[in-house]
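Student: Let me see the structure of the following:
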Amino acid sequence: MAIDRPLTLAEQGELRAVSTRGRISASSFVNDYQWGDLKADPRKWMERYFDAHLYLANWGTRRIALRLPVQLLDPDLAATYCMGGSASSWATDEHVILYLSSRDEDGDEEWWDEEAGLASIVPVRAELAAGDTRLLYLAWLLCVQDLELDEDELEPPVPPGLGELSGPLQSLADFLRLDEDLLDTAAQASAPLTTQAPSVEVLAEWVQRLPAADKDEVIVRLLRGDGAHLRAELLRRYGGGTPTEAVGGARTVSELLAGAETRWEGRQRQAEERAAAEQARREAAAAAAREQRLDSLAANHERAWQQVAELIATKKPKEYDSAVELLTDLKALGERDGQREAFRGRMHQLRLEHARKPSLLDRLERAGLIASAADEMAT
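Tutor: Below you'll find the model as predicted:
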């Protein structure tokens with residue numbers, strides 16, 4: 001996506017020379033490859049044409065690149081956070097480019113609307129331009145997650161608001177598969193956001209104190225059309241509308257990883273406890289329902305045996321199954337009420353009556369209602 005300025009016709013022609021299939025406009029280049037790949041270096045394209053880039057492959061690779069003017073993002077600050085293969089940065093004369101990537105060896109079966117996905121992430125540029133460095137910290141955390149940093153490496157300054165990510169930052173974290181336990185661990189040392197938009201009165205005072213030459217420069221830049229980030233630049237210059245500053249990190253990479261592991265183990269225990277409680281609830285409900293059925297059978301004992309006979313008389317597999325279910329309950333009733341031998345006697349008689357129904361006898365054996373033929377002979 002080209003955001004700060006549209007692509008010229010000449011630039012669109014340069015892109016078309018590389019790809020005859022790409023969907024090209026003054027603000028974007030989109031392509032989908034089933035075979036092969038882009039015959040150009042996306043990093044070079046970021047330097048020359050675009051402000052944002054998303055790459056997604058079904059074998060598990062995801063990449064996001066963002067470009068900001070150097071006057072809005074200090075290259076040294078970006079390098080402080082982007083210090084691994086998963087998160088890197090570099091600068092040209094005019095821009096700083098962040099390049100973030102995530103890999104999953106199991107592949108990527110999740111469906112993404114790539115263009116909508118990029119649109120949901122792009123607003124993080126404006127947040128970073130306004131002085132919100134949470135994006136940079138997420139980039140550093142991605143390097144931690146991918147084990148690219150020494151275990152005794154200290155974390156960089158921790159920005160406020162890690163525990164309350166904006167929608168675009170959350171979209172970025174989801175796209176990069178940032179581990180939620182690692183992020184929650186990092187957020188423990190993050191102060192709450194205290195950003196408040198400056199009032200009209202405060203802005204008026206700032207403007208009054210601006211030197212005349214600076215005011216003239218602002219007007220010229222607006223007329224020239226390069227005011228995409230002018231508001232953020234001015235607010236940062238005069239200290240308004242930006243979040244509380246980041247505080248120096250005191251934790252090591254190993255401490256963050258250990259904290260994430262502890263949180264994961266805690267969540268697993270809670271999930272197991274919830275699953276066990278739910279299983280116990282289901283079993284108790286099933287037991288209560290079965291007791292109710294057995295009480296009903298006890299009140300209509302002979303009618304139940306008559307119903308078994310009627311079901312078997314149909315000679316239909318489905319009715320055989322229903323007969324087996326009813327006999328299973330009758331067996332449980334006999335065990336509960338001390339009538340086990342009586343039940344066995346009636347089952348022996350039932351077996352003799354239906355000796356020529358192998359399908360029925362097989363069902364009865366598999367349900368444990370009668371002994372197998374071999375066991376019967378041995379007995």
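
Student: other SSEs contacting the longest helix seen in the chain?
Tutor: Ranked by residue count and defined by DSSP state H, the top helix of the chain is helix 253-299. Contact partners of helix 253-299 among helices and strands, from 3 or more C-beta pairs under 8 Å, 6 or more residues apart in numbering; DSSP states H and E: helix 134-145, helix 180-187, helix 317-336. Using the backbone N, CA and C atoms, a C-beta is placed for each residue, glycine as well.

Student: closest to V200 out of those?
Tutor: helix 134-145 (27.5 Å; C-beta to C-beta).

Student: Quick check: next helix or strand after the closest one?
Tutor: Next in sequence after helix 134-145, counting helices and strands by DSSP states H and E, comes helix 167-175.

Student: Could you check the angle the longest helix of the chain makes with helix 134-145?
Tutor: 80 degrees (axes from the mean of the first three to the mean of the last three C-alpha atoms, to 10 degrees).

Student: how about the helices and strands packed on helix 253-299 in a markdown table, adding distance to R103, mean pLDDT and mean neighbour count?
Tutor: Converted to a markdown table, the helices and strands packed on helix 253-299 look like this (distance: least, C-beta to C-beta, whole Å; pLDDT from 0 to 100; neighbours: other C-beta atoms under 10 Å):
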| stretch | distance to R103 | mean pLDDT | mean neighbour count |
| --- | --- | --- | --- |
| helix 134-145 | 11 | 97 | 25 |
| helix 180-187 | 16 | 95 | 19 |
| helix 317-336 | 50 | 93 | 16 |
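
Student: mind putting those in JSON lines, distance to T252 included?
Tutor: Formatted as JSON lines, the helices and strands packed on helix 253-299 follow (distance: least, C-beta to C-beta, whole Å):
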{"stretch": "helix 134-145", "distance to T252": "10"}
{"stretch": "helix 180-187", "distance to T252": "12"}
{"stretch": "helix 317-336", "distance to T252": "60"}
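
Student: now for those, which one comes closest to S25?
Tutor: helix 134-145 (26.3 Å).

Student: would you put the C-alpha positions of stretch 94-107 in CSV?
Tutor: Extracted in CSV, the C-alpha atoms of stretch 94-107 (Å, rounded to 0.1, in the frame of the first residue of the first chain):
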residue,chain,number,x,y,z
GLU,A,94,14.1,9.7,3.9
HIS,A,95,12.5,6.7,5.6
VAL,A,96,12.9,4.0,8.3
ILE,A,97,11.5,0.5,7.3
LEU,A,98,10.4,-2.1,9.8
TYR,A,99,10.3,-5.7,8.6
LEU,A,100,8.6,-8.3,10.8
SER,A,101,8.0,-12.0,10.1
SER,A,102,6.5,-15.1,11.6
ARG,A,103,7.0,-18.7,10.6
ASP,A,104,5.0,-21.8,11.5
GLU,A,105,6.5,-25.2,10.3
ASP,A,106,3.0,-26.8,10.5
GLY,A,107,1.8,-24.6,7.6
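
Student: What residues sit buried inside it?
Tutor: Neighbour-count burial for stretch 94-107 flags H95, V96, I97, L98, Y99, L100, S101, S102 (criterion: 16 or more other C-beta atoms under 10 Å).

Student: tell me, how many neighbours does L172 end up with?
Tutor: By other C-beta atoms under 10 Å, the residues close to L172 number 26.

Student: does it really touch I121, like I thought?
Tutor: Yes - with contacts counted by C-beta atoms under 8 Å, L172 reaches I121, the gap being 4.9 Å.

Student: OK, contacts around S359?
Tutor: For S359, the contacting residues are P317, Y320, by C-beta atoms under 8 Å, 6 or more residues apart in numbering.

Student: what's the angle from the helix or strand that it is a member of to helix 317-336?
Tutor: Here S359 sits within helix 358-366, counting by DSSP H and E. The directions of helix 358-366 and helix 317-336 differ by 30 degrees, with the same axes, to 10 degrees as the criterion.

Student: Specify the angle between whichever strand or helix holds E341 and helix 358-366 in degrees.
Tutor: Per DSSP H and E, E341 falls inside helix 340-353. Here helix 340-353 runs at an angle of 160 degrees relative to helix 358-366 (the same axes, to 10 degrees).

Student: Show me the contact partners of helix 340-353.
Tutor: W305, V308, L327, L330, K331, L333, G334, E335, L361, L364, L369, I370.

Student: burial of the second one, as a residue count?
Tutor: Other residues within reach of V308 by the criterion other C-beta under 10 Å amount to 18.

Student: Would you enumerate the residues in contact with the nearest residue to it once chain neighbours are set aside?
Tutor: Leaving out its chain neighbours, the residue that sits closest to V308 by C-beta to C-beta, 6 or more residues apart in numbering is A323, at 5.1 Å. Counting by C-beta under 8 Å, 6+ apart, A323 touches V308, L311, I312, L360.
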